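Generate a structure from the sequence data that follows.
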Amino acid sequence: MLRIIRFGKRYWYVMLVILVLLFAQANCDLALPEYTSKIVDIGITSKGIESPVLTRMRVQTYEDLLLFSDESEQEIIQSSYQEKDDEMILLNDITDEDMEELRSVVTKKQTMLLMFYSTKDEAKAMKNELAKSMNMPEDTDFMSVFRKMPKEYLTPVTTKMEEELSKMSDMIGESSAIEFASTEYAAMGVDIDRIQIDYLIEQGAQMMLLALLGMVISIIVSYLASILAAKVSMNLRNDVFQKVVSFSNAELNHFSTASLITRSTNDIQQVQMVMTMIFRIVVYAPILGIGGIYKVIQTNSKMEYIIVVAVGTVMLLVLLLMIIAMPKFKAMQSLVDGLNLVSREILTGIPVIRAFNREKTEKERFEEASNKLMKTQLFTNRTMAFMMPTMMFIMNAITILIVWVGAHRIEEGNLKVGTMMAFMTYTIQIVISFLMITVVSIMLPRASVAATRIEEVLKQKIEIKDSKAATHLPEEILGDIAFHQVSFTYPKGEEEAVSDLTFTAKHGETTAIIGSTGCGKSTLVQLIPRLFDNTKGQITIDGIDIKDCTLESLRKQIGFVPQKGILFSGTIQSNIAFGNGDCDRDELVKAATTAQAMEFISDYENTFDAPIAQGGTNVSGGQKQRLSIARAIAKKPKIFIFDDSFSALDYKTDRALRQELLKQTKEATVLIVAQRISTILHADKIIVMDDGKIVGQGTHQELLEQNEVYQQIALSQLSEKELNITNHGLEA
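Next up is the predicted model:
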């Protein structure tokens, strides 16, 4: 998860805002159960009276409170109240500390007074029991007796009653004191129903405002999290693309094309989804859960052990399922790669598959890859599907346990109904917070694997890059290329692909390279634009080591036509002007004419605006090669490299193209890799390669006379008669 968050570190300020908002939302959500508790315990049970401390009372009540108090308690009461008139006593404006002290005093006194003031059957029964113990008649007016009783006689009675009251829970004592306050207010003509309604409206309105505020914050957080995730995924796609574009062939060979596509799309999509969830749920859930635990402790319900049981059960379940599902999630991404690879191979090779009647076999291969992915997905989905109902069962079981334990505590007078409801709500919030994490944990393992795969691309060491001391290759160069004892070994290769190559290719000349298949011809020319870096020796252009030049300035001087012509989706114009964005119409026509491409371009209704499909699938192999050659010509480089780029052309087109090309490349350095002798007959220098080494250099005539390898290649393609005619200076 931290790895995913690190992807968005450049947007730390958005994360900070979201975090602050989540704390604000948690405060709103955690405050709601408190209001529920107040509405039930105070608004309904206590009729809106929050404190047993009377804000006003009758003079007689005031005197009765003093009657049951000792000297220190009387001092507290007297300092807290003042006489308004002969009928009413008012509460002074006192500090919170003094209020708590007064509350502890009057709670017990008002509970005793309630018994003697109340006309309820329970109070009458208690008074009759007291009268019987004091040998007094039933229905005795105890308050009249107590008021006339000397203090020394009253004190033992008061002490005994306080001892009996101490056996009651504090909660029952406070409820009784509040009931006395309600009775006193009613006796003074205060509308108790109005107090209750006003309290319920006030608390309900505050509760509604908090709920609305929480909803607004939730919407803002979701909006910001979505934007953050979208921005991060966009940046990741750009970073991965930029990284892949900078890969040399060695790095590209490390990752398959199908894997890179999956990492750039599916893997980044997984990260985007989870990043939204992280800031909407994963971060919020612990805040809500910890806050809920803190609130539960504050309720003083003595049922905290239930939270421990609930959280422990949930954590055990999540841990168990993660241990089971995590390996499968890791395997799933590799299986997606495999399916993409098979799909890409089949779709690309449909003509070959049909030609060899392999449809059934390839279908079975695709189904095998698809079934492996399906079985893995079914396993993980079934595992995670088991999680949700189990979590709901745990939550419902915890609710039943709270009601069971809470009911007994309420019956004992140690818990209020509203407090139990608040505890239940907090417990559900805590469990739901873990439930939310559990839901997200379905995606977290897969996203974690996806993040690892993305990081593998981003952290891949690039072997071919500009050195710190690299300088720009001058704009105006001659283009003379020199190989000085150059060798190259492919990454993880045991033997050198080419070794000890030494030759010079001068500007204004055509240097051809020929040899048997696999002798290292293409490898040689790929070293010049640094598609691979030579492992030994030195390659220079105009005496400058190519490793001392920036890649951009080096490749800007090279027009490279690879073995396999590659076209991009767009138009003929966009493909020819691919290396020269400033190419005008005349230059397009000139490049296409030189490459012998105007022959088929003019057949299109839109000529240069004719569409080219992805990969150039709507043109033939020869047309694709000619457009690739035209693209190199339009770039106007100082160095041309043709890597067996005439193989799909017929002899007539090949000859015409080379004649026109010679006119356009008089001042340039031209390197041609070829299989056909006819393509390189008139090259200024021909380099013969065999088994990765140069075994001969010279003109066609010189090599034909002196080089055995060249002779074998020539004889395999041309008859002795044709070679003899050629030897007299005529064209083959």
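
C-alpha only now, for contacts and for neighbours.
Will do.

just checking, residue 230 touches residue 272?
Yes - between residue 230 and residue 272 a contact is recorded at 6.4 Å, counting by Cα atoms under 8 Å.

more crowded one of the two?
residue 272 (25 against 18; other Cα atoms under 10 Å).

so after the helix or strand hosting residue 386, what's the next helix or strand?
Using DSSP states H and E, residue 386 sits in helix 359-411. Once the chain leaves helix 359-411, the next helix or strand it forms, by DSSP H and E, is helix 417-441.

buried set for the very next helix or strand once past that following helix?
Going down the chain from helix 417-441, the next helix or strand is helix 444-458, by DSSP H and E. Using 16 or more other Cα atoms under 10 Å as the test for burial, helix 444-458 gives 444-455, 457-458.

ditto for stretch 293-312
293, 295, 296, 299, 301, 303, 306, 307, 310, 311.

so which of the residues you listed would you say is closest to residue 38?
Proximity of the buried residues of stretch 293-312 to residue 38, judged by Cα to Cα, is greatest for residue 299, which lies at 12.0 Å.

just how off-centre is stretch 26-42 within its chain?
Distance, stretch centre to chain centre, for stretch 26-42: 34 Å (Cα atoms, centre = their mean, to the nearest Å).

What are the contacting residues of stretch 252-272?
Stretch 252-272 is contacted by residues 4, 229-230, 232-233, 236-237, 240-241, 244, 336-338, 340-341, 344, 443, 446-448, 450-451, 453-454 when judged by Cα atoms under 8 Å, 6 or more residues apart in numbering.

mind checking pLDDT for the residue nearest to residue 246 when sequence neighbours are not counted?
Ranked by Cα to Cα, 6 or more residues apart in numbering and with sequence neighbours excluded, the top spatial neighbour of residue 246 is residue 462, at 7.5 Å. On pLDDT, residue 462 comes in at 78.

doesn't residue 462 fall inside a helix?
No - using DSSP: H, G, I helix; E, B strand; the rest coil, the assignment for residue 462 is coil, not a helix.

residues contacting it?
246, 247, 248, 251.

residue ranges of the strands in the stretch 51-200 of the chain, please?
Applying DSSP state E, counting those that start in this stretch to the stretch 51-200 of the chain gives strands spanning 56-58, 81-83, 88-91.

Neighbouring strands - and their directions - for the second one?
Sheet partners assigned to strand 81-83 using DSSP bridges are listed as strand 88-91 (antiparallel).

Just the CA trace of the strand it pairs with, in PDB.
Extracted C-alpha coordinates of strand 88-91, given in PDB (Å, rounded to 0.1, in the frame of the first residue of the first chain):
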ATOM      1  CA  MET A  88     -37.700  31.600  44.600                       C
ATOM      2  CA  ILE A  89     -34.000  30.800  44.900                       C
ATOM      3  CA  LEU A  90     -31.700  31.200  41.700                       C
ATOM      4  CA  LEU A  91     -28.500  29.500  40.800                       C
END
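
coming back round to it: tell me the angle the helix holding residue 386 makes with helix 417-441.
160 degrees (axes from the mean of the first three to the mean of the last three Cα atoms, to 10 degrees).

on that earlier part again, using CSV, lay out the buried residues of helix 444-458 together with pLDDT and distance to residue 538.
Shown next, in CSV, are the buried residues of helix 444-458 (pLDDT from 0 to 100; distance: Cα to Cα, whole Å):
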residue, pLDDT, distance to residue 538
444, 70, 50
445, 68, 48
446, 68, 47
447, 75, 45
448, 76, 44
449, 76, 42
450, 79, 41
451, 80, 40
452, 79, 38
453, 81, 36
454, 82, 35
455, 81, 34
457, 82, 30
458, 82, 30
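
Neighbours of residue 405, how many?
For residue 405, using other Cα under 10 Å, the count is 14.

Provide the backbone phi and psi angles at the residue lying closest to it once chain neighbours are set aside.
Taking Cα to Cα, 6+ apart, and ignoring the residues beside it in sequence, residue 405 has residue 303 as its nearest neighbour in space, at 7.9 Å. With angles defined as degrees, to the nearest 10, residue 303 sits at phi -120, psi 20.

circling back: buried among the contacts of residue 462? Need that as a selection in PyMOL.
Only the buried entries of the contacts of residue 462 go into this PyMOL selection, using 16+ other Cα under 10 Å:
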select buried, resi 247+248+251
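
Could you single out the nearest of the contacts of residue 462 to residue 688?
residue 248 (26.8 Å).

looking at it, the closest one is touching residue 461, isn't it?
No - between residue 248 and residue 461 there is no contact under Cα under 8 Å: 10.4 Å.

So the protein: which segments form each domain?
479-557+638-732, 567-636 (automatic domain parsing).

what mean pLDDT does the last one have?
Same thing as domain 567-636. For domain 567-636, the mean confidence score works out to 83.

now stretch 671-691
Averaging pLDDT residue by residue across stretch 671-691 gives 85.

Need the distance between the two termini of that stretch.
20 Å (Cα to Cα, to the nearest Å).

contacts for that stretch?
Under Cα under 8 Å, 6+ apart, the answer for stretch 671-691 is 498, 505, 509-516, 518-522, 525, 639-647, 654-655, 694-700, 709-710, 713-714, 717, 732.

Strands - which of these land there?
498, 505, 510-515, 639-643, 694-698 (DSSP state E).

what about residue 75, distance to residue 111?
Distance from residue 75 to residue 111, by Cα to Cα: 19 Å.

What of residue 460?
78 Å.

Have a look at the two and say which one is more surrounded.
residue 111 (24 against 14).

My read is that that one contacts residue 172, right?
No - between residue 111 and residue 172 there is no contact under Cα under 8 Å: 9.3 Å.

now the one helix or strand residue 268 maps to: how far from the chain's centre is it?
Residue 268 belongs to helix 268-277 when assigned by DSSP H and E. Centroid separation between helix 268-277 and its chain, computed with Cα atoms, centre = their mean, is 4 Å.

swap in stretch 458-472?
The answer for stretch 458-472 is 29 Å, by Cα atoms, centre = their mean.

CA-only coordinates of it in CSV, if you can.
Below are the C-alpha coordinates for stretch 458-472, written out as CSV (Å, rounded to 0.1, in the frame of the first residue of the first chain):
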residue,chain,number,x,y,z
LEU,A,458,10.5,2.3,-13.8
LYS,A,459,13.5,1.0,-11.9
GLN,A,460,14.9,-1.0,-14.8
LYS,A,461,18.5,0.2,-15.3
ILE,A,462,19.0,1.7,-18.7
GLU,A,463,22.3,0.5,-20.1
ILE,A,464,22.4,2.9,-23.1
LYS,A,465,22.1,6.5,-22.0
ASP,A,466,23.9,9.8,-22.3
SER,A,467,27.0,10.0,-20.1
LYS,A,468,27.5,13.0,-17.8
ALA,A,469,30.2,14.4,-20.1
ALA,A,470,28.2,13.7,-23.3
THR,A,471,28.2,16.6,-25.8
HIS,A,472,26.1,17.2,-28.9
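
Perfect, I'm done here.
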